[in-house]
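Enquirer: need a 3D model of the sequence below.
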Amino acid sequence: MARALTFAQRAEQALLTDFREPIWRPFMRAVRDYRLIAPGDRIAVCVSGGKDSMLLAVLMRLLQRHSEAPFQAVYLVMDPGYRPEIRRQMEQTVARLEIPAEIFDSDVFEAAESAMGGADRRPCFMCARMRRGCLYKKARDLGCNKIALGHHFDDVVETTVMAMLHGGQIQGMPPMLAAQNFPGMRLIRPMYRVHEDAVIAWRDAFGLDFIRCACRFTERADEGASKRLAVKKLLAELEKDDPKVRQNVFNSIHRVQLDTLAGWKYRGEEHSFLENFEE
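Expert: Take a look at the predicted model:
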């Protein structure tokens, strides 16, 4: 008689069966095409408690058994100052999915809000920078050379559009980047090609309840003020006429035609189209 699978094993196995096409294959394609993992890597898989990072943890655990490039993975959950009930929910989900995670505390929420100087300003950008810095430091202390985050296809597309509409620049979210303040460390995004609707479908198939943004500050803020939410709605509206809108935005950051641009910046140095013309 076959041994019954645990809940975590069934959720993981589904990634190779029911969700092979929408999740496992795009995940593996990103790992391969962008050369995100090399033999001997020690990777800190950063788990925030949300659906994306939890799925990433399950995928990375599964990849360790299927990868031709042997690597090590440690699973980190940083508590930046969650309320006790949010902390418990996160711990329960990690245990239910059998993720061998180390949970460590920080005061990022409090520090970020204080640094922004008042409750009338949103500290999200500062908070994200501080959280990433804490994760880099913890990963370095554990002997890791990479950290993995759960950003997916839709994050990439929305960030690109936000940079154009609100930042006045063409700027993407690369699959891998070098840490500026932690020499030798790299950040990777293995779910770069996985669509958010596939993540949601996997979550709902197993009745999983993940935390969303559990910041005490943003709970007091107007969600309608979120530029990312506005861009998400804009893309959804555009897709009613052209279902390829998101894919086209994604493709565009892989096919940048520099000789058609008036200016660009590379490694901090600004360039102009005039450089291609002789005086």
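Enquirer: now the spatially closest residue to residue 273 that is not a sequence neighbour: how far from residue 270?
Expert: Leaving aside its chain neighbours, residue 273 sits nearest to residue 262 (5.3 Å; criterion: C-beta to C-beta, 6 or more residues apart in numbering). C-betas here are computed from N, CA, C, even on glycine. Note on residue 262: its distance to residue 270, by C-beta to C-beta, to the nearest Å, is 11 Å.
Enquirer: now swap in residue 170 and tell me
Expert: Taking C-beta to C-beta, one finds residue 170 at 13 Å from residue 270.
Enquirer: who has more neighbours, those two?
Expert: residue 170 (14 against 8; other C-beta atoms under 10 Å).
Enquirer: pull the contacting residues for the more buried one.
Expert: Contacts for residue 170 (C-beta atoms under 8 Å, 6 or more residues apart in numbering) come out as 160, 163, 164, 256, 261.
Enquirer: list buried residues within these.
Expert: The neighbour count (16 or more other C-beta atoms under 10 Å) marks residue 160 as buried among these.
Enquirer: the contacts of residue 170 into a markdown table, with extra columns for secondary structure, distance to residue 29 and pLDDT?
Expert: Shown next, in a markdown table, are the contacts of residue 170 (DSSP: H, G, I helix; E, B strand; the rest coil; distance: C-beta to C-beta, whole Å; pLDDT from 0 to 100):
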| residue | secondary structure | distance to residue 29 | pLDDT |
| --- | --- | --- | --- |
| 160 | helix | 19 | 96 |
| 163 | helix | 24 | 94 |
| 164 | helix | 26 | 94 |
| 256 | coil | 20 | 93 |
| 261 | coil | 28 | 92 |
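Enquirer: what's the single longest strand in this protein?
Expert: Under DSSP state E, the strand in the chain containing the largest number of residues is strand 72-79.
Enquirer: and the helix or strand following it, average pLDDT?
Expert: Downstream of strand 72-79, the next assigned helix or strand under DSSP states H and E is helix 84-96. Per-region confidence: helix 84-96 scores 91 on mean pLDDT.
Enquirer: helix 84-96 - contacts with which helices or strands?
Expert: strand 72-79, strand 101-105 (3 or more C-beta pairs under 8 Å, 6 or more residues apart in numbering; DSSP states H and E).
Enquirer: pairing partners for the longest one, with directions?
Expert: Paired with strand 72-79 in the same sheet, following DSSP bridges, are strand 42-46 (parallel), strand 101-105 (parallel).
Enquirer: please identify the buried residues of that strand?
Expert: Under 16+ other C-beta under 10 Å, the buried positions of strand 72-79 are 73, 74, 75, 76, 77, 78, 79.
Enquirer: check the offset of it from the chain's centre.
Expert: 14 Å (C-alpha atoms, centre = their mean, to the nearest Å).
Enquirer: for it, give the mean pLDDT please.
Expert: 93.
Enquirer: what of the last one?
Expert: The average pLDDT for strand 101-105 rounds to 86.
Enquirer: contacts for that strand?
Expert: Contacts for strand 101-105 (C-beta under 8 Å, 6+ apart): 47, 57, 74, 75, 76, 77, 78, 79, 90, 91, 94, 138.
Enquirer: state the distance from residue 192 to residue 181.
Expert: Residue 192 is 23 Å from residue 181, by C-beta to C-beta.
Enquirer: which of the two has more neighbours?
Expert: The neighbour count for residue 192 versus residue 181, taken as other C-beta under 10 Å, is higher for residue 192 (24 against 9).
Enquirer: disregarding residues adjacent in the polypeptide, which is nearest to that one?
Expert: residue 30 (4.3 Å).
Enquirer: ok, that neighbour - contacts?
Expert: Contacts of residue 30 by C-beta under 8 Å, 6+ apart are 36, 175, 189, 190, 191, 192, 193, 194.
Enquirer: and residue 38, by the same measure?
Expert: Contacts of residue 38 (C-beta under 8 Å, 6+ apart): 69, 71.
Enquirer: give me phi/psi at it?
Expert: Backbone torsions for residue 38, taken as degrees, to the nearest 10, come to phi -120, psi 150.
Enquirer: swap in residue 178?
Expert: Taking degrees, to the nearest 10 as the convention, residue 178 sits at phi -90, psi 140.
Enquirer: beta partners for it?
Expert: Going by DSSP bridges, residue 178 forms beta bridges with residue 186.
Enquirer: if I look at residue 30, how far off is residue 203?
Expert: For residue 30, the distance to residue 203 - C-beta to C-beta - is 20 Å.
Enquirer: great, nothing more from me.
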